[in-house]
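**Q** A structural model of the following input is requested.
(chains A, B, C and D)
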There are 4 protein chains.
Amino acid sequence: LGSDNVALGVVKNVEYMFGIVGVPVIEVAMAAQASGIKYVGMRNEQAVEACRLYSKFSARPSSLDMISSVVEKAVRTSMYGRPGAVYVDISGDMVNAKVDRSRVREVPCCPPPPVSMADHIAITEALAVLKGAKRPLLIIGKGAAHGRAEGALRELVEGCGLPFLPTPMGKGVLPDSHPNCVAAARSRALLQSDVVVLLGARLNWILHFGLPPRFDPHVKVIQVDLCAEEMGNNMQPAAALLGDVNAIVKQLLEYVHKDGWKYPADTEWWTTLKEKMAANATMTKALALQSTTPMNYYQVFHHISQLLPHDCVIVSEGANTMDIGRTMLNNYLPRHRLDAGTFGTMGVGLGFAIAAATVQRNQNTGQRVVCVEGDSAFGFSGMEVETMCRYKLPVVIIVVNNNGIYSGVDAETWEMMGKMGDLTTVAPPVTLLPEARYDEVMNAFGGRGFLVRTEEELRSALQLSLSDWERPSLLNVLIDPSSDRKQQEFPWLTRSNL
Amino acid sequence: LGSDNVALGVVKNVEYMFGIVGVPVIEVAMAAQASGIKYVGMRNEQAVEACRLYSKFSARPSSLDMISSVVEKAVRTSMYGRPGAVYVDISGDMVNAKVDRSRVREVPCCPPPPVSMADHIAITEALAVLKGAKRPLLIIGKGAAHGRAEGALRELVEGCGLPFLPTPMGKGVLPDSHPNCVAAARSRALLQSDVVVLLGARLNWILHFGLPPRFDPHVKVIQVDLCAEEMGNNMQPAAALLGDVNAIVKQLLEYVHKDGWKYPADTEWWTTLKEKMAANATMTKALALQSTTPMNYYQVFHHISQLLPHDCVIVSEGANTMDIGRTMLNNYLPRHRLDAGTFGTMGVGLGFAIAAATVQRNQNTGQRVVCVEGDSAFGFSGMEVETMCRYKLPVVIIVVNNNGIYSGVDAETWEMMGKMGDLTTVAPPVTLLPEARYDEVMNAFGGRGFLVRTEEELRSALQLSLSDWERPSLLNVLIDPSSDRKQQEFPWLTRSNL
Amino acid sequence: LGSDNVALGVVKNVEYMFGIVGVPVIEVAMAAQASGIKYVGMRNEQAVEACRLYSKFSARPSSLDMISSVVEKAVRTSMYGRPGAVYVDISGDMVNAKVDRSRVREVPCCPPPPVSMADHIAITEALAVLKGAKRPLLIIGKGAAHGRAEGALRELVEGCGLPFLPTPMGKGVLPDSHPNCVAAARSRALLQSDVVVLLGARLNWILHFGLPPRFDPHVKVIQVDLCAEEMGNNMQPAAALLGDVNAIVKQLLEYVHKDGWKYPADTEWWTTLKEKMAANATMTKALALQSTTPMNYYQVFHHISQLLPHDCVIVSEGANTMDIGRTMLNNYLPRHRLDAGTFGTMGVGLGFAIAAATVQRNQNTGQRVVCVEGDSAFGFSGMEVETMCRYKLPVVIIVVNNNGIYSGVDAETWEMMGKMGDLTTVAPPVTLLPEARYDEVMNAFGGRGFLVRTEEELRSALQLSLSDWERPSLLNVLIDPSSDRKQQEFPWLTRSNL
Amino acid sequence: LGSDNVALGVVKNVEYMFGIVGVPVIEVAMAAQASGIKYVGMRNEQAVEACRLYSKFSARPSSLDMISSVVEKAVRTSMYGRPGAVYVDISGDMVNAKVDRSRVREVPCCPPPPVSMADHIAITEALAVLKGAKRPLLIIGKGAAHGRAEGALRELVEGCGLPFLPTPMGKGVLPDSHPNCVAAARSRALLQSDVVVLLGARLNWILHFGLPPRFDPHVKVIQVDLCAEEMGNNMQPAAALLGDVNAIVKQLLEYVHKDGWKYPADTEWWTTLKEKMAANATMTKALALQSTTPMNYYQVFHHISQLLPHDCVIVSEGANTMDIGRTMLNNYLPRHRLDAGTFGTMGVGLGFAIAAATVQRNQNTGQRVVCVEGDSAFGFSGMEVETMCRYKLPVVIIVVNNNGIYSGVDAETWEMMGKMGDLTTVAPPVTLLPEARYDEVMNAFGGRGFLVRTEEELRSALQLSLSDWERPSLLNVLIDPSSDRKQQEFPWLTRSNL
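**A** The predicted model follows:
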């Protein structure tokens, strides 16, 4: 009879509710709609139990009248301190139970998170280290996006003339097109910097834990983070600035405004970085402009990046697709990228896109949601295109299809394999069906599917999709199944280089 | 970078391996193929963590040379005693590690489970109760199927002239078409029986916990089960026969052979049951033969049941679809039904079908796998049709599509709702997109999709599908979205009556 | 305010309740007494959370009226199948809540566990293997005690002339003094046997997993166990007899009665075993009769064994104390030994003794409870002597005190160490305070404490203690702190030899 | 064989290690001593598994060379942000394994926690609320002690003339004897205050969740805490000052220094509080000076408080003992009280005292550790007095003994009950053995035990104990077993009033 638990995905002010429907959930969903909450019925939410295990807070109200307090605490906890998932488990027999309304305490929604600042001594230490830097580098992370530090950061970057690098979720806090963005020389920047300022970014595997051979063994790190427990993770920082990223950047600005400190524009460091960026741009361009058919990843992303509106929300998941897309697709606005990211969990992309599109439509921003997926990643939750069609959410899905995971084979090779024996015995585990028509899956539900083989088809399909505000589209972009392998001659463009 | 754990779904003799691919799994899959194991790459396996929590046994080998022993214990534990899932978690860093082969203990595959029999006193008690019954009823459960008790049970049913009822997973142990099968009078049989013999069946919610108002409050229960802890669950049995179902039925037969006991064929009980069966058959037939378009559930299942080969494997999940299908689709062979069953977990059907079809093909049985799905259930893992197409598994999927969960709306109503406001606000949570073309999802991957609206289309599509041995088919059977509600005039046909 | 959960240790028919008192528990304890249950308030129950994790069954009633069913299921599950701990967690706010009595279903106490027997084929196989044995050995385990197989086993052992060995918890099923008991040649018996019959005994670490070098690599094993999942653990058995140990031994007897099979008394195997037993007895006796002061372990156990009544219940925990005590203290009756055993959990001994003494007193058996503890083990829950004094439970506690864990130092050495520096720096981690007066702890609460240094003091104190039926006694037996190390010249008497 | 895991309780700089000894731990303890760590072997550490569940961080190093990093992270996490327990589980087979030293990364010990400050706007808001208060109240909590805010707080309290109240763990941050301390009018202060400033204190059950009827429903709360997630728990604060308590109090002082704001000394609020304090002092004094034998709680604590040196560390646990002791025993220095506190976990007191005494001895502070225990609480870990004797730790244990939990009976009544029937049936669950000689338990191990019945005996025993620096003492203070009940005429002195 389905689950007897209801996992409530509660959002600030509870404007939206996302769920899958089983017996006891229907009543909850209807009650939610009755009280003005928008309900989006999904086809498959994964791993509810996993939710509970990896949640920042989990609770099970012991009686009906406790639900409001528990939900308030859950919502507040999800937003205060380091943001995170929370889990409230309401037992099935509560769903249809009744409670005397007078016993339920009215719980107002919590105010925005409290803000804290760094200690003055730590600020002074940090500035001393930064000013002494020969090869400084700012790394802008998810925490800076969450802390809405874009204004202060722009002032810091431009006022002090510092190079910066965004993490995948920090992309867009400052535009990727900003002249001080050195993403195109990422490896070089990380390796040679002598002082790194982490702004809401963690030294996790995406940043190679801050360790050699990717970092200078003598690099000094200045950490800016609102989570005390994050300080000192994987290295001992030269300065630890604990507090709200935005507030702390403003503290730093106050000091530098006083003495007008600026990192010179004519250093060897800037020369090195700019040369490397130019070299990498040339090589990427060479790949992007090959104009072969089937296309390679760089061609595909080159054209997409030219056509996407600067204010769109980019959702991304997949292996090569996510990695190469991070370097080739620019973000221009903060909090406009949803990246499967740190954990590399597959199957979340379409759900992210549905949530984003629901919010965009409701807020009438006129911004589009574009979801760039690998073909394997798409398979985890591909049936959610029905949800998009059902609610007429004009998401543009681009499936970069290489017939496999990491790499596939072409249709001819596949046929040949089929003749060699049982495919469960002979087919490489990484292969998927060649030329699978994911575009027709979209057609199946009334959305608009495009099969794309050439650059022209890609441009035309993407333009049509972006102009359609009534329904979702899916571009099934067939690329060379061995695209990945070819790139290995250019090791600076692989995952380790993201 | 995906999960760093590998969950091995290990099958007896390890002929097959099913997995999803992430970085550390590829090597495992390739190693498996190299040692002759067939590898089936799935698109999305759910809730790995959940696996561990609900497993009968879970372990994490502490070193490489322990893996063989741990896997042997896992496989053995899954088969001995009450069968159940097991979980082995191999840490990512073991995948590419090496071990001195001489340190690895060779572990032979375990023999079939040991067999135990009931105590003679308990057998005597049980027979005394059974012989004293005015209105006896055998309930044949999953445990009888697992215990391969079909031969002995047929002898008991036919030799003693007893009425029987299968549980969903017990269907086919004896053919549903057997004259002593009283499934068509299920509610009456349960309610009026004075002695129930549970043969590997549990008194869980599917059997209403053996309680009034569905059972006689004075009913006597004889439990036959291999799990001691199951004895006495939800009621105190008149006799508890602990052991292997097959062995115990043979013990019972030994005794009844001696005195030639037989339940008379001319009792009021048989008369009651037969009358009720006839009446129900008439009403079902009335619904099944309505010949309306759009069709109702009964029409659909009527025609399917006429065309399915008696030796096919039926996989089923969904709400109404699974419930009504259980009563309308006969099973003729034991262990030829895979039912989402006891827990009602959604999303397992296509995975079950893929596993069954892989085994059938390998064993060359000539038997077909038919997967009957509700449209909501199909959505949980619909992308697995790509897997079927990839491996050319000739599964026949029948989606009984009522545009929703329990019930949907028609296209016209949906359009109207869309005009009334944001669909997230006005659409009933149970509705899905009207007339969603699940058949085109199959076409998208090179399988054969059929859109079915009429009885003729249903028959023709099903016949074509069954004759195609090269690839999977999907019948998207559009039925009246309000089909369920109409049936409520016939409460004896609803879920509680399954 | 203490815990808000109540862990109920529910016993069959719920005659006794053991608990520790915090706020919400008082009411439960009083309610229990009011309904005729005896309540024993303990000083410290360990690891309640651990209980839940290692329980066979754990549940939390969702409402008051569910408690009776949940408790019934818990009690039944703890007794049916392999016995085990169960855990019921009742939330604090239920303790003082009220429920309409008519809504509570009366749940009768469950009958004794159902009994199952082995398959005839397996019996035949087992007998063929046994009859072919040159050097057979029966190993009698906890499962035989639990299954009350003593009568049948005596018939098997004596009727067929077979040697047997008890596991620690199997001691007493047949008397340790039985002529066919080969415990005194344990290592030899295990190593040279060609056919081992496991009767409710597991091949765990206590039996060296059945592996070389402790077992013959070609040994054939016949497993008799009621737990299917236990079959084949750590080796593949020559025959697996699944079912109740008592019933299965009777099945075996039925067959051997028919042909009158008997293992000859004049075999080389019996000669070997008897010679080894005699040799070991000589050496043990040599140690036991050394008559030195301070005493060694063997002296102590020698005198204890001479004075203990044959029908006493022996509780034991500790390292050397438990190991050597197992070999030196005979059990003459089944289920009269409680051994910290398989897991070696420390701190359970006094609790076991309190429970046993409460039951003995209530059943008026006239049997004494004797608790043999190492000094370290005693420290885990030594304050429970207050509980014994409070309820006037005439337990005899014998603390075999070597001033440490495994081994300590004498008072003089300790003084010297104290002068060398801070004792936290210089004292070996295994040492405890020399000559700690555990006997005075007993005096502190009104029991009878004895400080024992010589054989005469030991005999006299034990005789006095056994004659006192009004209160508990404690013998603090000071032995040579290096007693253990000396024994290493006799490796056949160490732990690995137990 | 004991546990196969080792739980390392790692302290800053790892000067001390506390453990219980089982097989694999001995080697660890010896290795610890070899590298200069002091090792204290305890008799019984509770609920290791519970540790893991309630830990802020738990990890299991996957290989030997990871241990140093994992321990560094554990130690750092335990100190940074809100302090908390951490759990590191090292598998048994690592204990004796070897690793190439060059592969182990040297991990320096982490610096003190980073400090953050509140946002200026929040500071301004908080001051506006505080200055508008008619009846302000500061509540000083554990967070203020941990944050070492005593200097700044004294300046705030004295400079602004504000009344304050410590929580149990906040006692001593400012001396309990401070004229602005209104602890003796606790209930009144909480109930009538219109603005409460929480300084590192949580609104948990000890503070009645900040709710009526214990608080004014319109009270405004200013929260000062370093944990963002704590903000808004149980009420919405008028101002939330996120950051280090010490730093924030300094921020507040900066502002009030500017305008010289001061809360007037001649307000009705001060008059009310002072009158109530005087009245309560009179009543407490009346009880304390009754000079009856047996004594009551107030007599006992009156004399203890007169004799304890002001710099001693007070450890406390128990029900009435801890509650009444909190009000009667003053703390004069910060971080000199260890209170079973928030969770009311029993059995931790003696362990706390051992740890404190080890540190005091090592740091040569000349400060004494005094452990005030209820008789029930003492029983949870009373065997640890052997540990104190073994390491010659001069802890003074005062057991306030009322023969029971909450209340007991006298020896005469107990005898009478014993004649009425089995004590397990008739004895109240809360009673313990009358006049149990806990003092003799101390004597048993060579410490100094005192049986105390009168005020004179109490004073003399305590003076002797405090003058003995060589060994621990235990005062077994027999009080009127019904002492608690008598006090109920004075409801303002009960638990709810703490």
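**Q** ok, stretch A:165-176 near chain B or not?
**A** No: figure legend: stretch A:165-176 not in contact with chain B (CB under 8 Å from any CB of the partner chain); closest approach 13.1 Å. For the C-beta atoms, the positions are set from N, CA and C on the backbone; glycine is no exception.
**Q** tell me which residue of the stretch 101-250 of chain A lies closest to chain C.
**A** Using CB to the nearest CB, the closest approach of the stretch 101-250 of chain A to chain C is made by residue A:103 at 14.3 Å.
**Q** just give the closest residue to that residue, not the sequence neighbours.
**A** The shortest distance from residue A:103 to any residue that is not its chain neighbour, by CB to CB, 6 or more residues apart in numbering or on different chains, is 4.6 Å, and that residue is residue A:65.
**Q** tally of neighbours for the one you found?
**A** Using other CB atoms under 10 Å in any protein chain shown as the criterion, residue A:65 is surrounded by 15 other residues.
**Q** likewise residue A:286?
**A** Look at residue A:286: counted by other CB under 10 Å, it has 11 neighbours.
**Q** show residues contacting the host helix or strand of it.
**A** Assigned by DSSP states H and E, residue A:286 belongs to helix A:268-288. Outside helix A:268-288, the residues that touch it by CB atoms under 8 Å, 6 or more residues apart in numbering or on different chains are A:134-136, A:163, A:182, A:184-185, A:188-189, A:192, A:296-299, A:301-302, A:327-328, A:487, A:490, A:492-493.
**Q** quick one on the thing from earlier: tell me the confidence at the residue nearest to residue A:103?
**A** Model confidence at residue A:65, expressed as pLDDT, equals 81.
**Q** distance of it from chain B?
**A** Note on residue A:65: its distance to chain B, by CB to the nearest CB, to the nearest Å, is 25 Å.
**Q** helices along the stretch 151-300 of chain A, start to end?
**A** Along the stretch 151-300 of chain A, counting by DSSP state H, counting those that start in this stretch, helices occupy A:186-192, A:245-259, A:268-288, A:297-307.
**Q** right, so of the ones you listed, which gets closest to residue A:127?
**A** Distances from residue A:127 to each of the helices of the stretch 151-300 of chain A were compared using CB to CB; the minimum, 5.6 Å, belongs to helix A:245-259.
**Q** how near is residue A:372 to chain C?
**A** When distance is defined by CB to the nearest CB, residue A:372 is 44 Å away from chain C.
**Q** before we move on, back to that, show the buried residues in the contacts of helix A:268-288.
**A** For the contacts of helix A:268-288, burial is judged from neighbour counts taken by 16 or more other CB atoms under 10 Å in any protein chain shown, and it is met by A:135-136, A:163, A:182, A:184-185, A:188-189, A:192, A:296-299, A:301-302, A:327-328, A:487, A:492-493.
**Q** which stretches in the stretch 301-450 of chain A count as strands?
**A** Taking DSSP state E, counting those that start in this stretch as the test, the strands found in the stretch 301-450 of chain A are A:313-317, A:337-339, A:369-374, A:396-401, A:404-405, A:407-408, A:448-452.
**Q** that older thread, show me which of the buried ones among the contacts of helix A:268-288 neighbour chain D.
**A** When contact is defined as CB under 8 Å from any CB, the buried ones among the contacts of helix A:268-288 do not meet chain D at all.
**Q** got the domain ranges for chain A?
**A** Here chain A is described, according to automatic domain parsing, as comprising the domains A:5-103, A:120-274, A:289-497.
**Q** low-scoring stretches of chain A, by residue?
**A** Counting by pLDDT under 70, the ranges of chain A that qualify are A:1-14, A:21-24, A:45-47, A:49-54, A:341-345, A:484-498.
**Q** what does it have sitting close to chain D?
**A** So chain A meets chain D at A:56-57, A:73, A:76-77, A:80-81, A:108, A:110-111, A:113-122, A:226-229, A:231-233, A:236, A:240-244, A:247 (CB under 8 Å from any CB).
**Q** of those residues, keep whichever come out buried.
**A** For those, burial is judged from neighbour counts taken by 16+ other CB under 10 Å, and it is met by A:56-57, A:73, A:76-77, A:80-81, A:110, A:113-119, A:122, A:226-229, A:231-233, A:236, A:240-244, A:247.
**Q** circling back to that earlier point, looking at the helices of the stretch 151-300 of chain A, which is closest to residue A:19?
**A** The nearest among the helices of the stretch 151-300 of chain A, by CB to CB, is helix A:297-307 at 32.3 Å.
**Q** by how many degrees do the closest one and strand A:313-317 diverge?
**A** 160 degrees (axes from the mean of the first three to the mean of the last three CA atoms, to 10 degrees).
**Q** put the alpha carbons of helix A:297-307 into CSV.
**A** Included here for helix A:297-307 are C-alpha records, laid out as CSV according to Å, rounded to 0.1, in the frame of the first residue of the first chain:
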residue,chain,number,x,y,z
TYR,A,297,31.9,17.6,-26.8
TYR,A,298,33.7,20.9,-27.5
GLN,A,299,31.7,21.6,-30.7
VAL,A,300,28.5,20.9,-28.9
PHE,A,301,29.2,23.2,-25.9
HIS,A,302,30.7,25.9,-28.1
HIS,A,303,27.4,26.3,-29.9
ILE,A,304,25.3,26.0,-26.8
SER,A,305,27.3,28.6,-25.0
GLN,A,306,26.8,31.0,-27.9
LEU,A,307,23.0,30.7,-27.9
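**Q** which non-adjacent residue is nearest residue A:353?
**A** residue A:371 is the one closest to residue A:353 (CB to CB, 6+ apart), at 4.2 Å.
**Q** hang on, that neighbour packs against residue A:400?
**A** No: look at residue A:371 against residue A:400 with CB atoms under 8 Å: they stay out of range, at 11.2 Å.
**Q** circling back to that earlier point, residue D:99: which of the domains of chain A is closest?
**A** Each of the domains of chain A has some distance to residue D:99 by CB to CB; the shortest is domain A:120-274, at 19.1 Å.
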